[in-house]
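In: For reference, the sequence and a predicted model appear below.
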Amino acid sequence: MPAMTMAGSSSSITGNLHHRHHHCILFLLLPCLQFALHFVDGGGIPTTLDGPFKPATRAFDRSLRQGSEDVPLSDPRLAPRARPPSPEQIALAASADPTSLWVSWVTGRAQVGSHLTPLDPAAVRSEVWYGERPSPSSSGHPPHPHVATGSAEVYSQLYPYPGLLNYTSGVIHHVRLVNLTPATRYYYRCGDSSLDGGLSDERSFRTLPAPAPDAYPRRVAVVGDLGLTGNSTSTVDHLARNDPSLILMVGDMTYANQYLTTGGKGVPCFSCSFPDAPIRESYQPRWDGWGRFMEPLTLRIPMMVIEGNHEMEPQGHGGAVTFASYSARFAVPAEESGSHSKFYYSFNAGGIHFIMLGAYVDYNRTGAQYWWLEKDLQGVDRGVTPWVVASWHSPWYNSYSSHYQEFECMRQQMEGLLYQHGVDIVFSGHVHAYERMNRVFNYTLDTCGPVYITIGDGGNIEKIDIDHADDPGKCPSPGDNTPEFGGVCHLNFTSGPAKGRFCWERQPEWSAFRESSFGHGILEVVNSTYALWTWHRNQDTYGQDSVGDQIYIVRQPDECIVQSTSVTSLDCPSSGCPSSPLSSSPGALQAVKSGNLLWTTCMILLSTIFKQHLNYC
């Protein structure tokens, strides 16, 4: 076995182990043997090298509800647990690299009414006391050896319409910690140390690993369109059991805009329930409840967000002000990553470069976001961060009736740039269901295209999407699915099985697997080539083997070289973009490459266990 050769190559160490502690060698090899048997008995997890896969659909389970009602603000998980001036709604966010990290929280009480007096953000300090050891119990000592200060703000939701109530927030604090050591446990308290009860209880977090091709976050949780319903709570409970070290929230967080400003009950369809509303109203206390509900996770795990359409929340005359809550509540590494906008930014976590893009701000090639994206991608060193993962709210590839081809304009503007720079995986939400694509570029199967995954199935009040655009009678008209931002670029296909049509008559070849169920995903990067993607469904009993979809996503850097020139073929003609099949690789080649996964994983497993048990042996 190759692992034995590796073990015998270092006589100074493994020779002693072989002669003195045979049981240790067996201990090191046992996981590899078990892993090999797993593949021999046919229980292996598929890889993208086995694709493209024949499109598959798991039918909606009619025993499940399509949705559930919102959790009321009176629920203990949403109600205030800290009295002013103590901090609440504590949340962490990654900075551009793991040597820094953002801490955010809220103090004071929000107000709802007609005539409000906003709190003064200058009246309270924004401090984070932190260190690598728990604070001493004696009250005479500073809570931790280091202190960082930041900024505070208050935002208001204001409507110039009779009968609509206004809102002003508590004081929202953001502090950036710097000069941190990657992959290190820190303890912290946040708040105002000058006030009695002004500091939070002690909490802790672990910084992400430094950028390197052999260091990765343990698990990255991905969830979208979460909301705050009974289904949402199941999603979050399930996600928490998976114990991620990073959370990607791909838009549409609270669904506060499914309410009138007077509160009451949220509705699945605002325009249906409130046809006479002068503007799309929003009940901002839902944001505070959501922050409290998420706090058990976000006070110890960085959560990275990107805006969705439900964060727009227009206010003022003609809806002139938008995204006020999103902009005020979340700290993101915009300045650190050179974007100067909270609507798009990037950050590193070990050997992964994450790019968060804005679908509801200018994405055209002449705009600031495109210019920033091009510069950001050009600056990625794939020798240090081999993986590039992009996220935005609205999917480009989607075979559901809901939002079908809605953001085709954004795809035509940006897809070539992502393909040119070898982006590996794309996560989106918006469609309230799960769908994983075959590797695709410009509607054509392409082994060098990204793996697009729609994960907008968090459990919000608008319910699950169950209709597919290829179902009989379910193809939207080209006038449907108008985006809330940007133009309309709907097209018919010019070649392939869907030639001349707006919709396919069967599940498109680029759609590998789809299912209408609530859930969340976990990304576990193994090394610079392999990453395990697992989709967990809420209805499944939690357990290691309970998965709705699972696949190894495999990078092929030698075959998919980053392009040196711009890809400009996405200016589709008026007749539409092409769609043609690409045959899968020969089966023998797949077996060889799948064997590489076994070998690579065994080497990593052996190396890790060897380091952990060397002293013991």
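Out: Yes, it's here. As the structure is a computational prediction, the values presented were derived from the model and not from experiment.

In: and Leu208, what does it touch?
Out: Residues in contact with Leu208 (CB atoms under 8 Å, 6 or more residues apart in numbering) are Ala94, Pro98, Pro182, Ala183, Pro217, Ser245, Leu246, Pro302, Asn348, Ala349, Gly350. Just so you know, the C-beta spots here come from the backbone N, C-alpha and C atoms, and that holds for glycine as well.

In: how far away is the last one from Pro72?
Out: Read it as Gly350. Look at Gly350 and Pro72: by CB to CB, to the nearest Å, they are 40 Å apart.

In: And the third one, by the same measure?
Out: Spatial separation of Pro182 from Pro72 under the definition CB to CB is 41 Å.

In: Distance from stretch 462-474 to the middle of the chain?
Out: 24 Å (CA atoms, centre = their mean, to the nearest Å).

In: Find the residue at the geometric middle of this protein.
Out: By CA atoms, centre = their mean, the mean C-alpha position of the chain lies nearest to Leu248, the distance being 2.4 Å.

In: So which of Gly350 and Pro72 has more stuff around it?
Out: Gly350 (26 against 13; other CB atoms under 10 Å).

In: do you know how far the more buried one is from Leu246?
Out: Distance from Gly350 to Leu246, counting by CB to CB: 10 Å.

In: Going along the chain, name the strands of the stretch 301-450 of the chain.
Out: Using DSSP state E, counting those that start in this stretch, the strands of the stretch 301-450 of the chain run over 303-305, 345-349, 352-356, 387-391, 425-428, 434-437, 440-441, 444-445.

In: Of those strands, give the one that comes closest to Asp237.
Out: strand 303-305 (16.0 Å; CB to CB).

In: where do the helices sit along this structure?
Out: Using DSSP state H, the helices found in the chain span residues 2-8, 11-20, 22-40, 230-241, 270-273, 285-298, 324-329, 368-378, 408-420, 587-613.

In: who touches Phe427 in this structure?
Out: Contacts of Phe427 by CB under 8 Å, 6+ apart are Val222, Gly224, Leu248, Val250, Val389, Ala390, Ser391, Ile453, Ile455, Gly521.

In: Quick check: beta-bridge partners of it?
Out: Ser391, Ile453 (DSSP bridges).

In: Kindly report the same for Pro302.
Out: Residues in beta-bridge contact with Pro302 (DSSP bridges): Leu92.

In: so it touches Ile247, yeah?
Out: Yes. Between Pro302 and Ile247 there is a contact at 7.1 Å, judged by CB atoms under 8 Å.

In: if I look at the closest residue in space to the residue nearest to the centre of the chain that isn't next to it in sequence, how far off is Ser126?
Out: Nearest-residue entry for Leu248: Val222, 4.7 Å, with adjacent residues in sequence omitted and distances by CB to CB, 6 or more residues apart in numbering. Separation of Val222 from Ser126 (CB to CB): 30 Å.

In: Thr207 now?
Out: For Thr207 relative to Ser126 (CB to CB), the value is 21 Å.

In: got the buried residues for stretch 318-333?
Out: The neighbour-count check on stretch 318-333 (16 or more other CB atoms under 10 Å) flags 321-333 as buried.

In: Stretch 463-477 spans what distance, first to last residue?
Out: In stretch 463-477, first residue to last residue: 22 Å (CA to CA, to the nearest Å).

In: Tell me how far it lies from the chain's centre.
Out: 25 Å.

In: Check stretch 55-71 too.
Out: With CA atoms, centre = their mean, you get 22 Å for stretch 55-71.

In: Could I get the phi/psi values of the closest residue to Gly198 other than its chain neighbours?
Out: Closest residue to Gly198 apart from its sequence neighbours, by CB to CB, 6+ apart: Asp192 at 3.8 Å. Asp192 adopts backbone torsions of phi -130, psi 110, taken as degrees, to the nearest 10.

In: one step back: which of the contacts of Leu208 tops the neighbour count?
Out: That'd be Ala349 among those, by other CB under 10 Å, with 28 neighbours.

In: Do I have it right that Tyr326 meets Lys342?
Out: Yes. Using CB under 8 Å, Tyr326 is in contact with Lys342, at 7.3 Å.

In: Name the residues contacting each of the two.
Out: Listed as contacting both Tyr326 and Lys342 by CB under 8 Å, 6+ apart are Glu307.

In: What is the burial count for Thr534?
Out: By other CB under 10 Å, the residues close to Thr534 number 19.

In: Name the spans of the stretch 1-150 of the chain whose pLDDT lies under the cut-off.
Out: 1-43, 137-141 (pLDDT under 70).

In: and if we set it to 80?
Out: Along the stretch 1-150 of the chain, the parts satisfying pLDDT under 80 run over 1-43, 137-142.

In: Report the distance from stretch 285-293 to the chain centre.
Out: 19 Å.

In: same thing with stretch 297-307?
Out: 9 Å.

In: Let's see that stretch as PDB, backbone CA atoms only.
Out: C-alpha atoms of stretch 297-307 as PDB (Å, rounded to 0.1, in the frame of the first residue of the first chain):
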ATOM      1  CA  LEU A 297     -24.300  31.300  16.700                       C
ATOM      2  CA  THR A 298     -23.100  34.700  15.700                       C
ATOM      3  CA  LEU A 299     -21.400  35.600  19.000                       C
ATOM      4  CA  ARG A 300     -18.900  32.800  18.400                       C
ATOM      5  CA  ILE A 301     -18.900  32.200  14.600                       C
ATOM      6  CA  PRO A 302     -18.300  34.800  11.900                       C
ATOM      7  CA  MET A 303     -21.300  35.300   9.700                       C
ATOM      8  CA  MET A 304     -20.800  36.800   6.300                       C
ATOM      9  CA  VAL A 305     -23.900  38.400   4.600                       C
ATOM     10  CA  ILE A 306     -24.800  39.800   1.200                       C
ATOM     11  CA  GLU A 307     -27.900  41.800   0.400                       C
END
